[in-house]
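**Q** this one's sequence-less:
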Ligand code: BGC
């Protein structure tokens, strides 16, 4: 079967032929991959800035956003049957007994660093025709979500952020009585992670603004308007103005990986505010930022700065429910996130190209 692989040591990206995986244990499930999404992480791996092949393999099969159809199940599998649609999780636990998060089913909080991530770190991914994995890492999705379910993995970034925000909100007295529509949330960036995050915030009834450098007539901004969020141009309005326009900012969901703008927005976060970072910037030269003001505000305004990576099973399951409700509220906006579909034969060009919101490889 075909697969898209990167060979970091010889700096090559190409389609390879590899044997079809087989079910080897009672808890395993075999999926035919239907669609695989391309994200910034794949592009970084394909330009050799990131990504690690499995031990003893010269190459890494990429892809970590995938929708599949179950074609076979091991004798001990429950809750999944041939014909079901399902999405695969990304991270797998480290082997160490001392790692409480991994031993508790939360490898997204692995504390040894020896986790693997399919398609990213130490394990082959999903940009291929068939995949076998343990049922623990496979999440069933309803058939009605077939055309958009490939967006579930990127949505889990917002879902895990939501979980963190809920936990952090508990530090505030009276948090259960707060009406989110009185709280201003700012999303930085209008790529897939930002737009899915904005949908999640709108669903939770926050007063939501998307701060983005693109133009008002861009497809990204059309989605912002379609879901009822406010667009604020980061080219026309510097962060200091953003705070004046909106008033107290209670929550920031960063989804760009651009360091300067992200820290500039942090410097205008409001009282008791929570700031969530999701972007993974490349390691570049140091930048200038208003560190004194940021530190002063963090203390005097009881602010929380929180980074989040990957997502646990509960976030995938919550994502299924949210995707369903997004499709009821603003189906055209959800569909508009997917701007191109290519075949596996064109996957290399698609991963090396830029542009559009979300490109998806249609495998079957
Ligand atoms: C994936 C995460 C992963 C992260 C870091 C992201 O693109 O969505 O699951 O943990 O990259 O490797």
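**A** Cool, got the structure. Since the structure is predicted, the reported quantities are computational estimates derived from the model, not experimental observations.
**Q** now the helices: where do they sit in the stretch 151-300 of the chain?
**A** Counting by DSSP state H, counting those that start in this stretch, the stretch 151-300 of the chain has helices at residues 152-169, 192-203, 219-226, 239-246, 259-266, 291-300.
**Q** can you say which of those is nearest to the ligand?
**A** Of all the helices of the stretch 151-300 of the chain, it is helix 152-169 that lies closest to the ligand, at 6.0 Å by C-beta to the nearest ligand atom. Any C-beta I mention is one placed from the backbone N, CA and C, and that applies to glycine too.
**Q** now do that closest one against helix 192-203, angle only.
**A** Going by axes from the mean of the first three to the mean of the last three C-alpha atoms, to 10 degrees, helix 152-169 is angled at 50 degrees with respect to helix 192-203.
**Q** who are the packing partners of helix 152-169?
**A** Contacts defined by 3 or more C-beta pairs under 8 Å, 6 or more residues apart in numbering; DSSP states H and E place helix 152-169 against strand 65-73, strand 85-88, helix 192-203, strand 249-254, strand 274-277, strand 304-307, helix 313-329.
**Q** so residue 59 sits right up against residue 17, yeah?
**A** No - counting by C-beta atoms under 8 Å, residue 59 does not reach residue 17; the two are 11.8 Å apart.
**Q** among those two, which residue is more densely surrounded?
**A** Neighbours per residue (other C-beta atoms under 10 Å) separate residue 59 from residue 17, with residue 59 holding more: 21 against 7.
**Q** and the residue of the stretch 251-364 of the chain nearest the ligand?
**A** For the stretch 251-364 of the chain, C-beta to the nearest ligand atom, closest residue to the ligand: residue 310, 3.6 Å.
**Q** make that the stretch 1-150 of the chain, sorry
**A** residue 41 (3.4 Å).
**Q** dump the helices and strands packed on helix 152-169 to JSON lines, plus mean neighbour count, mean pLDDT and distance to the ligand.
**A** What follows is those, written out as JSON lines (neighbours: other C-beta atoms under 10 Å; pLDDT from 0 to 100; distance: least, C-beta to the nearest ligand atom, whole Å):
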{"stretch": "strand 65-73", "mean neighbour count": "23", "mean pLDDT": "98", "distance to the ligand": "7"}
{"stretch": "strand 85-88", "mean neighbour count": "24", "mean pLDDT": "98", "distance to the ligand": "11"}
{"stretch": "helix 192-203", "mean neighbour count": "27", "mean pLDDT": "98", "distance to the ligand": "8"}
{"stretch": "strand 249-254", "mean neighbour count": "26", "mean pLDDT": "98", "distance to the ligand": "14"}
{"stretch": "strand 274-277", "mean neighbour count": "24", "mean pLDDT": "98", "distance to the ligand": "13"}
{"stretch": "strand 304-307", "mean neighbour count": "14", "mean pLDDT": "98", "distance to the ligand": "11"}
{"stretch": "helix 313-329", "mean neighbour count": "18", "mean pLDDT": "98", "distance to the ligand": "10"}
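**Q** hmm, back to that, find the helix or strand that the residue of the stretch 251-364 of the chain closest to the ligand is a member of.
**A** Counting by DSSP states H and E, there is no helix or strand that carries residue 310.
**Q** kindly report the same for residue 302.
**A** According to DSSP H and E, residue 302 maps onto no helix or strand at all.
**Q** what's the neighbour count on it?
**A** Residue 302, neighbours per other C-beta under 10 Å, totals 13.
**Q** how far away is the residue lying closest to it once chain neighbours are set aside from residue 171?
**A** Nearest residue to residue 302, sequence neighbours excluded (C-beta to C-beta, 6 or more residues apart in numbering): residue 272, at 5.0 Å. According to C-beta to C-beta, to the nearest Å, residue 272 and residue 171 sit 8 Å apart.
**Q** just residue 33 next, same as before
**A** 42 Å.
**Q** and if you look at residue 280?
**A** Residue 280 is 27 Å from residue 171, by C-beta to C-beta.
**Q** before we move on, back to that, so what's the residue nearest to residue 302 up against?
**A** By C-beta atoms under 8 Å, 6 or more residues apart in numbering, residue 272 lies in contact with 172, 250, 301-303.
**Q** and the stretch 201-350 of the chain, which of its residues are near the ligand?
**A** Within the stretch 201-350 of the chain, the positions near the ligand by C-beta under 6 Å from any ligand atom are 309-310.
**Q** quick check: closest non-adjacent residue to residue 230.
**A** Residue 230 sits nearest to residue 209 (C-beta to C-beta, 6+ apart), 4.3 Å away.
**Q** quick one: contacts for that neighbour?
**A** The contact partners of residue 209, taken as C-beta under 8 Å, 6+ apart, are 184-187, 229-232, 242, 246.
**Q** before we move on, what about residue 46?
**A** By C-beta under 8 Å, 6+ apart, the contact list for residue 46 reads 6, 13, 62, 351-352.
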